[in-house]
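Undergrad: coords below, sequence missing:
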């Protein structure tokens with residue numbers, strides 16, 4: 001037992017005099033280590049050795065497994081509208097469609113028109129108006145004008161356009177007064193009078209009139225001895241035609 005104590009003391013002294021690297025377990029205190037000699041735990045104090053060289057980088061490890069997918073974030077605000085793109089090329093023409101079912105034939109347009117003229121002079125009475133008759137029928141589509149009575153009778157309900165004219169005798173102060181009449185009611189009038197010279201004065205007037213089937217329109221020479229001049233040149237005329245059959 002006395003020999004063992006002496007050996008321990010000698011090792012402690014030698015360890016303190018000659019620093020040596022510690023190959024044993026490093027303790028919590030810096031610069032100390034412990035070593036076992038003859039089943040004895042001996043603590044040796046030594047200064048740290050110089051830092052060793054940096055070792056080489058180790059091999060790259062294996063790629064880890066992908067992590068779980070994260071929770072989607074909130075929807076961001078809509079950005080500003082981008083500029084309009086360039087117009088693309090025109091596409092190819094598509095195939096023609098199937099032929100449709102033939103429709104019904106449109107009704108033929110209704111044509112009603114007349115144009116008549118007078119070649120003879122005419123004088124009214126002092127007390128009553130006188131219907132002007134026209135002995136030359138130029139056009140009578142729809143057969144609405146009656147040459148014997150001088151009146152036009154509507155065979156189609158609709159809106160009509162009428163025009164008429166007059167010419168004075170070649171005398172000073174000669175005059176005429178004409179009026180367009182619908183079923184006995186005055187529509188428009190026409191008056192002309194010469195000055196103190198031998199001359200002719202001519203004028204015309206017109207009107208658009210709505211007629212029902214059977215209604216009549218004619219021209220009257222006003223009472224009071226008025227006169228109308230005419231000759232084979234057909235100076236006096238009366239014309240009318242259907243504009244349309246729609247309602248007013």
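TA: Nice, thanks for sending it over. The model shown is predicted, which means the values in this text are computed figures rather than measured ones.
Undergrad: for the protein, which spans come out with low pLDDT?
TA: Flagging of the chain using pLDDT under 70 yields the residue ranges 1-47, 105-108, 247-248.
Undergrad: swap the cut-off to 80 and go again
TA: Per-residue confidence for the chain (pLDDT under 80) gives these ranges: 1-49, 61, 64, 103-109, 172-173, 195, 197-200, 225, 246-248.
Undergrad: Tell me where it has helices.
TA: In the chain, the segments counted as helices under DSSP state H are 2-17.
Undergrad: And it, what are its domain boundaries?
TA: Listed by automatic domain parsing, the domain ranges of the chain are 2-45, 113-244.
Undergrad: so which of these comes closest to residue 62?
TA: Put simply, out of the domains of the chain the one that sits nearest residue 62 is domain 2-45, at 32.2 Å, with distance taken as Cβ to Cβ. From N, CA and C alone the C-beta is placed, and that goes for glycine too.
Undergrad: coming back round to it: what's the most buried one of the domains of the chain?
TA: Comparing these by mean neighbour count (mean count of other Cβ atoms under 10 Å), domain 113-244 ranks first with a mean of 16.
Undergrad: what about that one, start to end distance?
TA: With Cα to Cα, to the nearest Å as the measure, domain 113-244 spans 12 Å from end to end.
Undergrad: what's near enough to touch residue 203?
TA: The contact partners of residue 203, by Cβ atoms under 8 Å, 6 or more residues apart in numbering, come to 165-166, 190, 192.
Undergrad: Out of these, which is nearest to residue 91?
TA: Lowest distance from residue 91 to the contacts of residue 203 (Cβ to Cβ) belongs to residue 165, with 63.2 Å.
Undergrad: I figured that closest one hits residue 236, correct?
TA: Yes - here residue 165 reaches residue 236: they are 6.6 Å apart, a contact under Cβ atoms under 8 Å.
Undergrad: Setting aside sequence-adjacent positions, which residue approaches residue 206 most closely?
TA: residue 163 (3.9 Å; Cβ to Cβ, 6 or more residues apart in numbering).
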